[in-house]
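Asks: Let's see this in three dimensions:
(one chain, ligands or ions: 1)
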Amino acid sequence: MSEEKSLIKRVGELSPAERPGGKPLHRPLLLLWAVGQVWKRQTREHRWSTVRDELGKLLNDFAGVTTPRQAALYPFWALQTSGLWEVSGAEELSLTSERRRPTLAALDSADPLAGLPQQDYDALSREPALTAQVASILLVKFFNPLPAGLLEALGLNELMAGCVDTALHPQLGERFDHRTAIQNAYGGNGVMGITPLADGILTVYSDDKGPYTDARVPDTDWIAYTGDGLSGDQKLTHGNKNMRLYQQQQRALRYWHKPYGGRFSFESWAVIVQCRRRWGIGEDKLWRREYVWVLAPVPSPIKATWPHEVWDALTEDTGDIHDDSLDVIPNEIVDEALSKAERYRQLSEAAERTSARRQDRSKQATVERYLRSKAARDAVILRSGGRCENPTCLGHPDELTDAGAPLLQIDHVNDLARGGPDVPEFMIALCPNCHALKTHGRNRRGLTALLLETAQVLHSVFETSEQ
Ligand SMILES: [Zn+2]
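Replies: Model (predicted):
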């Protein structure tokens, strides 16, 4: 691994544990300060007393730390474990009783020198673009939104002005033939669908060839992205756990897309605006519960660049996981405990709830309707028993489709576009012949009236059935 790539990886791995009230910013701030010193052409090493005073002020101004001298001690010592910082003569300093770090008095008295490792210092000195990239990673991860005055205080305003997002690599639109090529260029795992690159920023891959196709939600530019886990119920571990964290922290991830027969391209930054759970078919061809992460494209990872509608969506969503797998259960999932009528009522109620939001034009509601729309269709299929529901039908063809399903069209009795609600009592299952009669036949008005009445009668029979 090149020195530059190794540096990005170590910076990417810097992730102080989450604590109540947010992430501790001590180590990121020390690293940013050190990077600023390189940019200002300062020597590699600095006295503890200098770091204590300068970092202490930064911690006070930008991390809300009230005991800055003491607070500077922690990162000055701990950043060594990340391989990004070296303290000269560290072994001679007297450590605290836990033997984990020296006392403030010991540091003040020895006033040791410390700095970035030599090879990192040299690489950063040679390459301003690398300096900007390292600073960007830290700013996007730990100081987003960017606090006013931070870049000036770090001496990085000239280098970073207007380029906090574009200094990151890869850049939007970059293309690669396959995952291994991306991995060779930017690190990270070359197989998993949801995984960070070397810089620690989460990346999701979407391949039209499969195992699943992630869909653009109609009437929106949002993406319904299937979670991590090929077969069996998906769990909130691995990639899904990372997605949940990004959703909660409202952080942007990289979305890579490979069209069928095409190349992988870094198509967009995106933020998770909704998480749903639904039934889907795993790689083993069996039904299982899976997560759907709804991604809204954003221009950059910098929160200040996100459009209003994305903020509206983030505000509108509760952040909870919307579990459609409880009520929108496909007919293919056989639950012996539920009668046909009970299943019908369940699907019908799910459809009613979704339909109740049909006047809501928000994207959140559009996504919900799209992902839940199967319930109404499934209810009608169940009710029809696979046979045409037109009482004047001249005979439903017995031939099945390749998938073994009856030739059946689920139709909105009144065209959905003209305001017919997406619920089973206004929908009907028709054979191809009756569907053609309803659409094109001379008696289509009379047939529509009959079908509407029929749908409502069949619906109420199922709603009240004891079976
Ligand atoms: Zn028919």
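
Asks: after the worst-scoring helix or strand of the chain on mean pLDDT, next one along is what?
Replies: In the chain, the helix or strand scored least confidently by mean pLDDT, DSSP states H and E is strand 215-216, which has a mean of 84. Using DSSP states H and E, the helix or strand that follows strand 215-216 in sequence is strand 223-226.

Asks: could I get that next one in CSV with only the CA atoms?
Replies: C-alpha atoms of strand 223-226 as CSV (Å, rounded to 0.1, in the frame of the first residue of the first chain):
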residue,chain,number,x,y,z
ILE,A,223,-33.7,5.2,-4.6
ALA,A,224,-35.2,2.2,-2.7
TYR,A,225,-32.0,0.3,-1.7
THR,A,226,-32.3,-3.3,-0.5
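
Asks: Make residue 1 into 25 and carry on from there
Replies: Will do, 25 is the new start, and the previous item becomes strand 247-250.

Asks: re earlier: and for the least confident helix or strand of the chain, what's in contact with it?
Replies: Trp246, Ile247, Ala248 (Cβ atoms under 8 Å, 6 or more residues apart in numbering). In this view, the C-beta of every residue, glycine as well, is placed from N, C-alpha and C.

Asks: who does the longest helix belonging to the chain touch, helix- and strand-wise?
Replies: Ordering each helix of the chain by length in residues (DSSP state H) puts helix 468-488 first. Applying 3 or more Cβ pairs under 8 Å, 6 or more residues apart in numbering; DSSP states H and E, we find helix 468-488 packed against helix 364-379, helix 398-408, strand 451-454, helix 456-464.

Asks: Which helix or which strand is home to the residue nearest to Leu79 when sequence neighbours are not counted?
Replies: For Leu79, ignoring the flanking residues on the chain, the nearest one in space by Cβ to Cβ, 6 or more residues apart in numbering is Ala96 at 4.5 Å. For Ala96, the host element (DSSP H and E) is helix 92-102.

Asks: Show me which residues of that helix are buried.
Replies: Pro92, Arg93, Ala95, Ala96, Leu97, Tyr98, Pro99, Phe100, Trp101, Ala102 (16 or more other Cβ atoms under 10 Å).

Asks: Check these one by one and keep those near the ion.
Replies: With the criterion set as Cβ under 5 Å from the ion, no member of the buried residues of helix 92-102 is near the ion.

Asks: Provide the secondary structure category for the closest residue to Pro48 other than its chain neighbours.
Replies: Take Pro48 and drop its neighbours on the chain: the residue closest to it by Cβ to Cβ, 6+ apart is Pro40, 4.8 Å away. Following DSSP: H, G, I helix; E, B strand; the rest coil, Pro40 is assigned to coil.

Asks: Quick check: phi and psi on the most centrally placed residue in the chain?
Replies: In the chain, the C-alpha nearest the mean C-alpha coordinate belongs to Ile296, at 4.2 Å (Cα atoms, centre = their mean). The phi and psi values for Ile296, taken as degrees, to the nearest 10, are phi -80, psi 120.

Asks: shaky segments in the stretch 225-374 of the chain?
Replies: For the stretch 225-374 of the chain, residues meeting the criterion pLDDT under 70 lie at 235-237.

Asks: Now do the strands in it.
Replies: 226-231, 239-240, 247-250, 276-282, 288-305, 311-322, 345-347 (DSSP state E, counting those that start in this stretch).

Asks: Check the offset of the second one from the chain's centre.
Replies: Put plainly, it is strand 239-240. Between the centre of strand 239-240 and the centre of its chain there are 14 Å (Cα atoms, centre = their mean, to the nearest Å).

Asks: Show me what that strand pairs with in its sheet, parallel or antiparallel.
Replies: If you go by DSSP bridges, strand 239-240 pairs up with strand 247-250 (antiparallel).

Asks: ok now the partner strand, how far from the chain's centre?
Replies: On Cα atoms, centre = their mean, the centre of strand 247-250 falls 9 Å from that of its chain.

Asks: Identify the residues contacting it?
Replies: Contacts for strand 247-250 (Cβ under 8 Å, 6+ apart): 228, 230, 236, 238-241, 279, 294, 304, 314-319, 321, 391, 394-395.

Asks: on that earlier part again, now the buried residues of helix 92-102 in TSV, with distance to Ala380?
Replies: Formatted as TSV, the buried residues of helix 92-102 follow (distance: Cβ to Cβ, whole Å):
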residue	distance to Ala380
Pro92	55
Arg93	59
Ala95	53
Ala96	57
Leu97	58
Tyr98	53
Pro99	53
Phe100	58
Trp101	58
Ala102	53
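
Asks: Point out the residues in this structure that sit beside the ion.
Replies: So far as Cβ under 5 Å from the ion goes, the chain lies against the ion at Cys412, Asn414, Cys417, Cys455, Cys458.

Asks: any idea which of these is closest to Gly197?
Replies: For these, the minimum distance to Gly197 (Cβ to Cβ) is 49.1 Å, reached by Cys455.

Asks: Excluding chain neighbours, give the residue nearest to the closest one in space.
Replies: Cys412 (3.8 Å).

Asks: Check Leu175 too.
Replies: Asn181 (4.1 Å).

Asks: Would you map out the domains in this protein?
Replies: The domain map for the chain lists 27-184, 199-347, 364-488, with the assignment taken from automatic domain parsing.

Asks: Can you convert those into JSON lines and add a column each for distance to Ile357?
Replies: JSON lines is the format used below for the domains of the chain (distance: least, Cβ to Cβ, whole Å):
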{"stretch": "domain 27-184", "distance to Ile357": "37"}
{"stretch": "domain 199-347", "distance to Ile357": "5"}
{"stretch": "domain 364-488", "distance to Ile357": "9"}
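
Asks: circling back to that earlier point, can you flag the buried ones in the contacts of strand 247-250?
Replies: 228, 230, 236, 238, 241, 279, 294, 304, 314-319, 321, 391, 394-395.
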